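Chemist: Structure for the following, please:
(chains A and B)
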Amino acid sequence: MELKDLSTKTKITWCPGCTNSQILVSFRQAIKELTESDSLKIENLVAFAGIGCHGKISDYLNINSFTSLHGRLIPAMTGAKCANPALTIVGFSGDGDSYDEGLEHLIHAAKRNSDINLFIHNNQVFALTTGQADAVSPKGFKGKSTPFGCLEEPLNPLLLMLSAGATFVARTFAGNITETKKIMQAAITHKGFSYVDIIQPCITFFDTRDYFKERIYWLDENFPTNDLKVAMEKVQENTSKVPLGIFYKIQKPTFEEELWKI
Amino acid sequence: MYGWCYNYFMLESANNDIFTIGVGGAAGDGVKKAGIKIADFLRQKGFEVYISFEYPSLIRGGHNFARISFAKEPASAESSGVAKKIWCDYSELDILIASNGEHADLHKGELKEGGKIITNIPLSQISENPAMVLGEINLAASAESSGAPKELIDGNTAFAKGLLAAGLDFYLAYPMTPSTSILHYLAGQQTKDGLKVVQPENEISVVNMALGMAYAGKRAAVGTAAGGFALMQEAFSFAGMAELPLVVAVAQRQAPATGVPTRSSQSDLRFVIHAGHGEFPKIVIAPGDPEESFRAGADALNLAWKFKTPVIVLLDKILSEHMMTTNAERWKDEKMEIFENMIFPGTLNAVVKVTSYEHDKDGFTTDKAEDVKRAVEKRFEKQKNIEEEMQNIETIKIYGDVNSNPSISSGQENVIVFFGSTKGPVLEASKYFNKPTKLVQILWLEPFDTEKVKRELEGRKIICVEGNHNGQLASLIREKTGIEIKDKILKYDSSPFDPVELAEQINTIWN
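Modeler: Residues are numbered from 1 along each chain as shown, chains lettered A, B, ... in the order given. Reported below is the predicted structural model:
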C-alpha cells in the first residue's frame, strides 16, 4: 500500500495550516504500517466521524467510513462492532462533538468497554461554527458567544474517562506526527475501548500552538500504565505542564465478548 | 327519544350474549396473573377471549384492574368450530372479583343486574384454579374443539414475533411504557448465535446504534413510546438521508410530554407520518390487533431492507398490552426476504461510505446544486417503488355486512373509518348497529393509499372514530382524498372505547 492509495478525490477544505492535517497524516501512516505488518485488513477498517472540522476527515480517507450525526458516532461505532466483531472501528470526534453534544455516549462507551477506538481532535473551541466556547474551553475564554469571557471551568475529559472505566487512556499532540501515529497504533491494537485525546490547536479561533509547545512533555518510559490512582493523579497535574502519552492501559472483557457469550 | 329507547333495549339484549369478568386489586396482588389464568382457561375451553389491563404508574399499592370479555357461546359443531370473536372488552360486569371490599367498591357501579361479587378468595388461589370462579357459566357445552383459538397474545409480543419471523438480528430499546414488553419478550429470546438485545443509555443511543448495525449488515429494530421517538428524530432523518434500513415501533400513550404513561391514545398519527426533519420516503403501518401486529413486524423489517428506508409500526397502549385470542398458525407464511443489492464493510476491494451529509454517488459530501437535486430525486424514486409495492399489500381493510346485503346500493352505504386499536371497539360495536354499515380500516398511514381509500369513502355517509382530540385521521383523509368527514367520534380521555357506548353514539348519529 502507498500513502496516496488512502487519499480521495475530495479537496481538503481545512484552513491552510490546520493541525487536523497532521492528524490525517499520522492516521494514514499508522494504518499503512498496520496493514503492511498484517495487523490490519484494510477492508475491515471503518472510520467513523462526528460533525465539526474533524468530521471532514472521512472524506479524505479512501477507506470504509460512516459520518454520523453531531455527537452520535459512538453508538454507531458500538452498533457496527456488535454487528460484525471482525471490523476494526476507529472514530474521529471533536471536543464539541463528544465533550458537549454526545458526552453521555462517551461516558457509557468507557463503561461498556466495546472494542472501539476514539480519537478526539481537541481544539478547545467550536471551530466549524466560527468560534464559541465549549466544554473544555478555559474559564474566561472570549468567544463569539462569550464576549465577556466563558463563565464555566473546563471539564477534565481524561479524568472523566478514567473514572468511567476506560481501559486505554492516552493524550497526544497533533504537531508530533510520529508519536501520534504510535499512540493510534497502540490504541487500535488494544482490545477494549481506547480513548485518545489529541491536542489540536485551532489556528483560526484559538491558536494554542505556542502555549502547548512550552508545556507538553512525554511520560517517562517507566510510567506505570496499570495503576488507576497514579493515572488519575497524573491527568490532574498542575496546568503549567501538560503530560502526553499512555496514562492507563488494562485488559477487561469487551462488550462484544460478553454479548456473544449469551 | 323513541329512537334512543329502541337502541337501548336492543343493545341490552345483544350485550347479554357477552360475559365479562373483572379482577381488581392492588399492584402486587397478582391481578394480571389471575386475569390471564382465567382468560387462558376460557381459551382452552374453546372461547374467543379479550382481556384488558388498567393500572396506574406505580409498583405497589394503587388499583389494578383486568377485564375479561368472552361470548357465552364457544366453538361448536354448529358454528363450524369457530367461536364468536370478541374484539374488545366491555364495561359492564357479570362477575367482579376483588382482593378486598375496597377494590370491589370501585367497580360496583359497573355490575349488570344480578351480577356477582367475589371478595373472599385470594387472587393467588384463583390463579391456581381459575375454574373456581366460573361456576356461574355453563361451560359443559364447551368441550375443546379443533377450532379453539391457539394463543392468547398481546400486540407487542405479536409484533416481536413478526420481527423474529423476518430475521431480526438485533433489538435495541430504552424502557418506556407501553413499548417495554417488546424489550422484555425479545430479551428472553436471545440465543448464542442468533438474536441479541441491547439496552443502551438512552433513545438517541438506541437509534444510532441500530444505524451502525444496519451499516454493518445486520437487521436491527428499535422500540419506544412516542416520547422516546421524539428523542430519535435526528437519527430517524439520518436513516432517510443515508438510506439505512431501520424499523421503529412507536407505542402511543396519552400525551403531550410525559402525559398519562399507562393509558392509551391515538394522538401521534401526525407526529409519526411527519417524523424526521427534511423530506425522505418512509413507511408507517398501523396494525389494529395482535395478528396485524405480527404481520406489521415482519413486513416492516422486510420492507425496510427492500427499500433501504425507515419504517414505523404505530402501536398504542391498548394494542400493545391488551391480549386477545389469535390463531397464530396462520403466521407461518411470513418469512425473511433476502435482498442482495447492498454491500457492507468487510468486503474485499470495496469502500463503503455512509454519511449524514448530502452526498454524491460515491458517498462524498457535496453541496453542488445539481448533486443535491439528483440525490433528492434518487431517494424519491423509492417512493414510487413503495407505492407500486402497495398494490400487492393490504393497505386498507374492509369489514361489515355490506357484501351480504345486496339491497344496499353502493352509493348510499354507511361507513365507519378508523385506524389502529380502535379496530377492536368498532368491530365489536358493529354487532349492535341498526343500519348496514361498512367498516374501513386504514392500515398504511404513509404512504397513504389515496385511490383505495377514495373508492371506499366517496359519496358515502361517513363517521370517523379516533382516540384523539383533533381528528387526525379525518384530517389526513381530507388532505389526501379531498373528502371531508363531518361526523367524528373522538375520545381523548386516555381510556378505551366501550363497544356498547360506541354503538349507541353511532346509532344516534345515523338514526
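
Chemist: Does the helix or strand hosting A:T178 pack against any helices or strands, and if so which?
Modeler: Taking DSSP states H and E as the criterion, A:T178 maps to helix A:177-189. Packing partners of helix A:177-189 (3 or more C-beta pairs under 8 Å, 6 or more residues apart in numbering or on different chains; DSSP states H and E): helix A:20-36, strand A:117-122, strand A:168-173, strand A:194-199, strand A:242-249. Placement of C-beta: from N, CA and C, glycine included.

Chemist: need those in TSV with mean neighbour count, distance to chain B and mean pLDDT, can you?
Modeler: Compiled in TSV, those are given as follows (neighbours: other C-beta atoms under 10 Å in any protein chain shown; distance: least, C-beta to the nearest C-beta, whole Å; pLDDT from 0 to 100):
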stretch	mean neighbour count	distance to chain B	mean pLDDT
helix A:20-36	20	13	98
strand A:117-122	27	14	98
strand A:168-173	26	20	98
strand A:194-199	26	17	98
strand A:242-249	21	22	98
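
Chemist: Measure how buried B:E501 is and give me the count.
Modeler: 16 (other C-beta atoms under 10 Å in any protein chain shown).

Chemist: just to revisit the earlier point, rebuild the helices and strands packed on helix A:177-189 as CSV, extending it with distance to B:G400.
Modeler: Formatted as CSV, the helices and strands packed on helix A:177-189 follow (distance: least, C-beta to C-beta, whole Å):
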stretch, distance to B:G400
helix A:20-36, 65
strand A:117-122, 59
strand A:168-173, 65
strand A:194-199, 62
strand A:242-249, 69
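
Chemist: what domains does the record give for chain B?
Modeler: B:14-149, B:153-344+B:379-390, B:396-509 (automatic domain parsing).

Chemist: Go through the ones you listed and pick out the most buried.
Modeler: Of all these, domain B:153-344+B:379-390 has the most neighbours on average by mean count of other C-beta atoms under 10 Å in any protein chain shown, namely a mean of 22.

Chemist: Say whether chain A is contacted by that domain.
Modeler: Yes. Using C-beta under 8 Å from any C-beta of the partner chain as the criterion, contacts between domain B:153-344+B:379-390 and chain A involve B:169-170, B:172, B:190-192, B:196, B:198, B:200-202, B:204-206, B:208-213, B:215-218, B:220, B:234-235, B:238, B:344.

Chemist: okay but B:S267 is in contact with B:L490, surely?
Modeler: No. The criterion here is C-beta atoms under 8 Å, and B:S267 misses it with B:L490 at 10.1 Å.

Chemist: what is in contact with these two at once?
Modeler: B:G467, B:N468, B:H469, B:N470 (C-beta atoms under 8 Å, 6 or more residues apart in numbering or on different chains).

Chemist: Per-residue confidence, the third one, what does it come out as?
Modeler: Spelled out, it's B:H469. pLDDT recorded at B:H469 is 98.

Chemist: Now it: closest residue in space that isn't a chain neighbour?
Modeler: With sequence-adjacent residues excluded and distances taken as C-beta to C-beta, 6 or more residues apart in numbering or on different chains, B:H469 is closest to B:Y492, at 4.2 Å.

Chemist: ok, how many other residues are close to whichever residue of the stretch 1-150 of chain A sits closest to chain B?
Modeler: When scored by C-beta to the nearest C-beta, the stretch 1-150 of chain A has A:G79 as its residue closest to chain B, at 2.8 Å. With neighbours defined by other C-beta under 10 Å, the count for A:G79 comes to 31.

Chemist: For it, give me its contacts.
Modeler: B:F170, B:L172, B:N208, B:M209, B:A210, B:L211, B:G212, B:M213, B:Y215, B:A216, B:A220.

Chemist: isn't there a helix covering the third one?
Modeler: What that stands for is B:N208. Yes. According to DSSP: H, G, I helix; E, B strand; the rest coil, the state of B:N208 is that of a helix.

Chemist: Wait, it touches A:H70, no?
Modeler: No. Using C-beta under 8 Å as the test, B:N208 is too far from A:H70 to be in contact (11.1 Å).

Chemist: Next, the buried residues of stretch B:363-374.
Modeler: B:G363, B:F364, B:T365, B:T366, B:D371 (16 or more other C-beta atoms under 10 Å in any protein chain shown).

Chemist: Report the contact partners of the closest residue in space to the third one that isn't next to it in sequence.
Modeler: If you skip the residues right next to it in sequence, B:T365 has B:Y357 as its closest partner in space, 4.3 Å away by C-beta to C-beta, 6+ apart. If a contact means C-beta under 8 Å, 6+ apart, then B:Y357 has A:T67, B:T365, B:T366 as its contacts.

Chemist: can I get these in TSV with secondary structure, pLDDT and distance to B:K112?
Modeler: Shown next, in TSV, are those (DSSP: H, G, I helix; E, B strand; the rest coil; pLDDT from 0 to 100; distance: C-beta to C-beta, whole Å):
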residue	secondary structure	pLDDT	distance to B:K112
A:T67	strand	98	64
B:T365	strand	97	68
B:T366	coil	97	69
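
Chemist: Tell me the one among the residues you listed nearest to A:L160.
Modeler: A:T67 (25.0 Å; C-beta to C-beta).

Chemist: Look up the residues forming beta bridges with the closest one.
Modeler: Counting by DSSP bridges, A:T67 forms beta bridges with A:A49, B:T355.

Chemist: Pick out the residue in the stretch 351-500 of chain B sitting closest to chain A.
Modeler: For the stretch 351-500 of chain B, C-beta to the nearest C-beta, closest residue to chain A: B:T355, 3.8 Å.

Chemist: ok, back up a step: from the contacts of A:G79, which land in strands?
Modeler: Among the contacts of A:G79, DSSP state E puts B:F170, B:L172, B:A220 in strands.

Chemist: Name the nearest residue to the residue in the stretch 151-262 of chain A that chain B sits nearest to, sequence neighbours excluded.
Modeler: Closest to chain B within the stretch 151-262 of chain A is A:I262: 5.3 Å, counting by C-beta to the nearest C-beta. With sequence-adjacent residues excluded and distances taken as C-beta to C-beta, 6+ apart, A:I262 is closest to B:Q190, at 5.3 Å.
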